[in-house]
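J.: the following block contains a protein sequence and its predicted model.
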Amino acid sequence: MASDLLLWLICFLAVVSLLGILVYQLMCLSDLEFDYINPFDSASRINAFIVPEFLIHGALGCICLLSGHWLLFLLNVPLAYYHINLYLKKEHLLDVTEIFNLLDREKKYRLAKLAFYLLLFFIVIYKILIAIIVL
Amino acid sequence: MAGPSGAFLPPSSFSPSNLASVALSGQENSQGSPRSGSAGGVGGPAQGPGYGSPTRFPAYPGPPPPSGVFPPPSGGRPTFSNPSQALPPPGVQFGSPSQQSVSEGQQYNSMPQSPKSSSTIPQPPQFSSLNLPQYGAPPLSQGFYGGPPPPPIPGQYSDGQVGKYSHPPPASSYGGNYPQAQGLVEDFQSLALVSVLGSPDITVDPATLPRPLDGAEEVKPSGNLNCHPRYLRLTTNAMPNAQSLASRWYLPLGAVVHPLAEAPPGEEVPVVNFVGTIVRCRRCRTYINAFVMFTDGGRRWRCNVCSLLNEVPVDYYCPLDENGRRRDADERPELSRGSVEFVAPTEYMVRPPMPPVYFFLIDVSLSAVKSGMIKVAAETIKASLDKLPGFPRTQIGFVTFDSTLHFYNLKSSLTQPQMMVVADLDDPFLPLPDDLLVNLSESRTVVDALLDSLPSMFEKNLTIESALGPALKATFMVMSQLGGKLLLFQSTLPSLGSGRLKLRGDNPLIYGTEKECLLRVSEEHFYKQMAADFSKYQIAVDTYIFGERYADVASLGVLPKYTGGQVYYYPAFQARFHGEKFSYDLTRDLSRETAWEAVMRIRCGKGVRFSTFHGHFMLRSADLMALPAVDCDKAFAMQLQLEDTVLPLQTIYFQVALLYTSSIGERRIRVHTMATPVVKDLLELYKAADVDAITFLMSRLAVEKTLQTKLEDARQACQQRLVRSLREYSKLLSVQHRSSNRLIYPESLKLLPIYTLAILKSLALRGGFGDCTPDERSAMGFEIMTMSIPRLLKLLYPSLIRLDEYLIQGPKADGLAGLPTPLAVSSGNLDPRGAFLLNDGLRFVLWLGKGLPTEFVKDLLGPEVAFTADSSQIAVVEQETAISKRLMSVLQALRQSCPAVYQLCTVVRQGEQPREGTFMLSNLLEDRTAGANGYAEFVVQIYRQVSQLS
């Protein structure tokens, strides 16, 4: 089914962009750790991509919900809930003043998210393959 | 009893090698002995002839001790040690029971090894060598000694001075004062805990508790090449050699840096002007210092921090003498002194050195007018204009705000300043591109005119709104070109534009819940963002907060916190009473020597890394502190970590470098270097512990903890550190010591319990909702995060002196030396017939007893005010009487000894509630207060916790 393939391709793009954002943020953090950039730049670069990441992730969840992929949707619900919570508490942005004290935590947090997005990535690849075979 | 036995040791038994074989010996200052009087009588009279005062060396039966190794005992507190394995030779006479006079209630279980019960039977001789002697005199009555002192025992006798090590310095002694002893000969002290008769409780005699009453000890640099400890101090003057060892050191491991500490005249840091570039290590960028080794005939030098071999620049070359020392080392301060200041060449500038910039942002809303703040501020600024550093480059500017922003054109060609009002708060803009920040010497007349008219301009202002956020944004636009210092005078809660703050902290139910700590952090992200921007553009913010009611110090304090500034808080400010203090603080802020656009870094040898930093600054990289402005009143703390499992080096070097622009426009680097030995034994660490620095770090950690958790948790965490470290220490000592009813602690840390208690009871951590307002708590937290070690210790253990007799009789000596001796800070020392002064370095409290003669009070305070019902209306001003004049000179002398802030003198009468409670009783830290232990109970509690699971 072409529509299915299209759906999965859109999901694929979303997941790839999420991965890209995460890798970029992690790079900024490790650059900061090794003193290649200053905390102001690092924080503003990271913060610039936080809301887009939340939006993309939310959109991904919506697509899953609307297309009736319940399991995939449920998989995304906890993270989406966490994101919304952070946003409402206004804690989603990186605090430039405390960035060095938060460095380790932020890196771990982002690595965990990276792992989660990788899982999504493989699921989506698998789904694409299935869709292509079915086609 | 052991004393006599030791006295008969054969002389050969006190060689250092012999001592090294002694497994463990205590040198105990048994302060807590409740039988101190009679104990002397036990051993004393038994000695017979030759038993004289400690100075009578000829009476000693054996050869005199080798001088220099075993210092002769002096009077003072007798302290003993005894090698636990040294058995007395037969025939030693001990005190017979008849010579013992034991009074009722004296408990023998305080004896470390007293056999089982509290027996009055003298110890059998074979036990004596294992017994720690109980010769201790009550610590507060030096020289009291119930019997003739025992003869000196070489090798086992310290010189009686607390704080000295008694063991022989081995050949490898470090820097002359730190012996790396091979044997575990150790000083320790202990406190006896006595059972209360007829109850299961134990208690401790308050008179025996150690107290910092002699004032801050003068710390000396260790080793002649190290920098003075006033600049750089470690929590322990030795580094653990392995992570496993460091993990058993439960106290903070780190450094205290006070880079611009005020030096007494004659000890200023020498300035070095290098001809070429400053010599630094190629790899780790360490500045050349007194510890580097020159090799290869002086052509190369080995970096002491990273061991890299560097070339000596041609114009810095100098041949070496026969000892491998450079011939010019004595002429070059950087090679012979621990602290130097290099004049930095242009490589150290990213832009031309900035001029000193002072920008004033003044709240002119109704409460500021009513309290008289604007008037005092304007007058003080005007009076300080001549004292501003950096003439003639100094720049100055003003913005005032209420519900609108007011800018002032201070162009030098004007005769009167022009005021421009901007009402757009959402997107504030500058009405003028320049002339808002002007050169002071050019525009002096305009500035004077502005300051003269400022109070009257807003006299009729009825606006209660305050648009702080937009004002900060506008100020940022003015200042971002140059940076500098922003002085913010805020009198109401910001209510308009971004950075609006809400009234909070009036809900008692929030205390004890997880949300409690939110009261102590900024609720508005705006201030953090603003602080980051300020720091980026080299702007330091000092906030002066005048709160009639809640002013949210926690949120406003974020600005100074990240920009190297300072928080000044004047609760319920009234110019009549607090104007003097505000004026002094502001004058000092404006006139003290300030280092601009500074960065500070601390470098250390391989294997050690500074991991966390505590103070008012912002980290620009993992170990680089950005300090837009820093001055002599700011100190910083940092904790270090061992990176490698085992440190390969024998010595670790630390180097603090502060790169800054001085007010005269010179770029300078102040470098402090020190060396520390690496030790492999925990006892050595304890021995080298620096209780002042440990207290300093612990207080900062505790304050930071209150920002993340409940107060209760922060207090627990602080207390746990003390308990764990004492437990670890008592584990090191043998079983006998532990089993007795004694709290054992290292000599070096004898003051740690009282300081820990003081931290727990400080305004920043004290109690809960009812004990102080959130504003006071936050302000004290910010204060602790900036102040230096001597000021912190003063704050933690205030001095209490009795003044009435002194004031009547007059001083016996000049200055501070003539003052009465400080008393223990406890209500037991308050006498209703006396007048007492409590000085914690931030304010004076003059407590007047009920039984004071009325004439005295009249003379002291003046006849009109002496008997007003409300003593909050009493200002201490000089009267025409000798008593009053003496009081004023005492206050004057005390203020001069601590010039960082002005100590306002508050009068409190005995029994006058609630003032007596808030000002006096709650600050008597040895007393038991509601919900907090007194000193004695605290020690008992610590003892219980130490003995659990140990």
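T.: On my side now, so go ahead.
J.: hey, let's count contacts and neighbours off CA atoms from now on
T.: Fine.
J.: OK, contacts around the most centrally placed residue in chain A?
T.: Taking C-alpha atoms, centre = their mean as the criterion, A:Leu18 is the residue nearest the geometric centre of chain A, at 3.9 Å. By C-alpha atoms under 8 Å, 6 or more residues apart in numbering or on different chains, A:Leu18 lies in contact with A:Glu53, A:Ile56, A:His57, A:Tyr117.
J.: which among those gets closest to chain B?
T.: The nearest member of the contacts of A:Leu18 to chain B, counting by C-alpha to the nearest C-alpha, is A:Glu53 at 21.0 Å.
J.: quick one, what contacts the closest one?
T.: A:Leu18, A:Ile21.
J.: what's the answer for A:Asn38, then?
T.: A:Leu32, B:Arg620, B:Ser621.
J.: dump these to a markdown table, plus secondary structure and distance to B:Asn304.
T.: Output for the contacts of A:Asn38, formatted as a markdown table (DSSP: H, G, I helix; E, B strand; the rest coil; distance: C-alpha to C-alpha, whole Å):
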| residue | secondary structure | distance to B:Asn304 |
| --- | --- | --- |
| A:Leu32 | helix | 28 |
| B:Arg620 | strand | 26 |
| B:Ser621 | strand | 24 |
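J.: and the residue of the stretch 201-350 of chain B closest to chain A?
T.: Counting by C-alpha to the nearest C-alpha, the stretch 201-350 of chain B gets nearest chain A through B:Cys284, at 14.3 Å.
J.: name the element that residue belongs to?
T.: Assigned by DSSP states H and E, B:Cys284 belongs to no helix or strand.
J.: circling back: got the buried residues for the strand or helix carrying the residue nearest to the centre of chain A?
T.: A:Leu18 belongs to helix A:2-33 when assigned by DSSP H and E. The neighbour-count check on helix A:2-33 (16 or more other C-alpha atoms under 10 Å in any protein chain shown) flags A:4-5, A:7-9, A:11-12, A:14-19, A:21-22, A:25-26, A:28-30, A:32-33 as buried.
J.: same deal with stretch A:104-112?
T.: Buried residues in stretch A:104-112, counted by 16+ other C-alpha under 10 Å: A:Glu106, A:Lys107, A:Arg110.
J.: which ones are touching the residue of the stretch 201-350 of chain B closest to chain A?
T.: The neighbours of B:Cys284, taking C-alpha under 8 Å, 6+ apart as the test, are B:Val305, B:Cys306.
J.: the helices in chain A, which residues?
T.: A:2-33, A:39-48, A:50-66, A:70-88, A:99-134 (DSSP state H).
J.: what angle do the longest one and helix A:70-88 make?
T.: For helix A:99-134 and helix A:70-88, the angle between their directions (axes from the mean of the first three to the mean of the last three C-alpha atoms, to 10 degrees) works out to 160 degrees.
J.: how much does helix A:99-134 deviate in direction from helix A:50-66?
T.: For helix A:99-134 against helix A:50-66, the angle by the same axes, to 10 degrees is 30 degrees.
J.: longest single helix anywhere in chain B?
T.: Max-length helix for chain B by DSSP H is helix B:711-732.
J.: and the contacts of that helix?
T.: Contacts of helix B:711-732 (C-alpha under 8 Å, 6+ apart): B:248-251, B:512, B:517, B:683, B:686, B:698, B:702-703, B:705-706, B:737-738, B:744-746, B:752-753, B:756, B:760, B:765-768, B:942, B:945-947, B:950.
J.: just the CA trace of it, in PDB.
T.: Below are the C-alpha coordinates for helix B:711-732, written out as PDB (Å, rounded to 0.1, in the frame of the first residue of the first chain):
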ATOM      1  CA  LEU B 711      16.200  22.900  55.300                       C
ATOM      2  CA  GLU B 712      16.000  19.800  57.400                       C
ATOM      3  CA  ASP B 713      17.700  17.700  54.800                       C
ATOM      4  CA  ALA B 714      20.400  20.300  54.400                       C
ATOM      5  CA  ARG B 715      21.100  20.300  58.100                       C
ATOM      6  CA  GLN B 716      21.100  16.500  58.200                       C
ATOM      7  CA  ALA B 717      23.600  16.400  55.400                       C
ATOM      8  CA  CYS B 718      25.900  18.800  57.100                       C
ATOM      9  CA  GLN B 719      25.700  17.000  60.400                       C
ATOM     10  CA  GLN B 720      26.300  13.600  58.700                       C
ATOM     11  CA  ARG B 721      29.600  14.900  57.300                       C
ATOM     12  CA  LEU B 722      30.800  15.600  60.800                       C
ATOM     13  CA  VAL B 723      29.500  12.300  62.200                       C
ATOM     14  CA  ARG B 724      31.000  10.300  59.400                       C
ATOM     15  CA  SER B 725      34.400  11.900  59.600                       C
ATOM     16  CA  LEU B 726      34.500  11.500  63.400                       C
ATOM     17  CA  ARG B 727      33.400   7.900  63.100                       C
ATOM     18  CA  GLU B 728      36.100   7.200  60.600                       C
ATOM     19  CA  TYR B 729      38.600   8.900  62.900                       C
ATOM     20  CA  SER B 730      37.600   6.900  65.900                       C
ATOM     21  CA  LYS B 731      37.800   3.700  63.900                       C
ATOM     22  CA  LEU B 732      41.400   4.500  63.300                       C
END
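J.: residues of it that come out buried?
T.: So for helix B:711-732, counting by 16+ other C-alpha under 10 Å, buried means B:711-715, B:717-731.
J.: check the offset of stretch B:907-927 from the chain's centre.
T.: 24 Å (C-alpha atoms, centre = their mean, to the nearest Å).
J.: show me which positions of that stretch end up buried.
T.: Within stretch B:907-927, the residues scored as buried using 16+ other C-alpha under 10 Å are B:907-910, B:915-916, B:919-927.
J.: for B:Leu437, which residues are in contact?
T.: B:Phe359, B:Gln395, B:Ile396, B:Gly397, B:Phe398, B:Leu410, B:Val478, B:Met479.
J.: is it true that the second one touches B:Leu440?
T.: Think B:Gln395. Yes. Judged on C-alpha atoms under 8 Å, B:Gln395 makes contact with B:Leu440 at a distance of 5.2 Å.
J.: dump the residue contacts of B:Glu311.
T.: Applying C-alpha under 8 Å, 6+ apart, the residues near B:Glu311 are B:Arg299, B:Arg300, B:Trp301.
J.: filter these down to just the ones in strands.
T.: Counted as lying in strands by DSSP state E, out of the contacts of B:Glu311, are B:Arg300, B:Trp301.
J.: doesn't B:Leu486 fall inside a strand?
T.: Yes. Counting by DSSP: H, G, I helix; E, B strand; the rest coil, B:Leu486 is located in a strand.
J.: in terms of contact, does it touch B:Pro356 like I think?
T.: No. B:Leu486 lies out of contact with B:Pro356 (C-alpha under 8 Å); the separation is 11.0 Å.
J.: so the two - more neighbours on which side?
T.: For B:Leu486 versus B:Pro356, neighbours defined as other C-alpha atoms under 10 Å in any protein chain shown are more numerous around B:Pro356 (30 against 26).
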